[in-house]
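> Task: produce atomic coordinates for the following.
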Amino acid sequence: MQILLNGKRHVTEARNLDELCEMLGFADAKIATAVSGNFVAASERKATRLTEAAEVEIVAPRQGG
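Below is the predicted model of the structure:
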């Protein structure tokens, strides 16, 4: 299916947000996620199904000064 990931088209076979994060290499990372503008807690990612054209945001913290 095609989704929008951080504003760019992305093709994925992931069925839920947890699978998508794992496929992208964020399985153990501390990240923030949102679908269609709604924050999704880490504990809810497995239950958050992805649909065609879903708008997904994944944000990882940065260090620096």
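> wait, Glu55 sits on Leu4?
Yes. Using C-beta atoms under 8 Å, Glu55 is in contact with Leu4, at 4.6 Å. From N, CA and C alone the C-beta is placed, and that goes for glycine too.
> which residues of this protein fall in strands?
Per DSSP state E, the chain carries strands over the ranges 2-5, 8-11, 32-35, 38-40, 55-59.
> Could you report the pLDDT at Gly65?
Looking at Gly65, its pLDDT stands at 60.
> again with Cys21
Model confidence at Cys21 (pLDDT) stands at 97.
> Correct me if wrong: it contacts Thr33.
Yes. Between Cys21 and Thr33 there is a contact under C-beta under 8 Å: 6.9 Å.
> what's the overlap in contacts for the two?
Residues touching both Cys21 and Thr33 (C-beta atoms under 8 Å, 6 or more residues apart in numbering): Arg45, Ile58.
> Pull the number of nearby residues for Ser43.
Neighbour count for Ser43, taken as other C-beta atoms under 10 Å: 8.
> do Thr33 as well
Neighbours of Thr33 (other C-beta under 10 Å): 21.
> Ok, the one 3 residues further on next?
In terms of burial, Ser36 registers 12 neighbours under the definition other C-beta under 10 Å.
> residues touching it, list them.
Here Ser36 is in contact with Ala54, Glu55 (C-beta under 8 Å, 6+ apart).
> can you check Val56 too?
By C-beta under 8 Å, 6+ apart, the neighbours of Val56 are Ile3, Leu4, Leu5, Asn6, Leu17, Leu20, Thr33, Ala34, Val35, Leu50.
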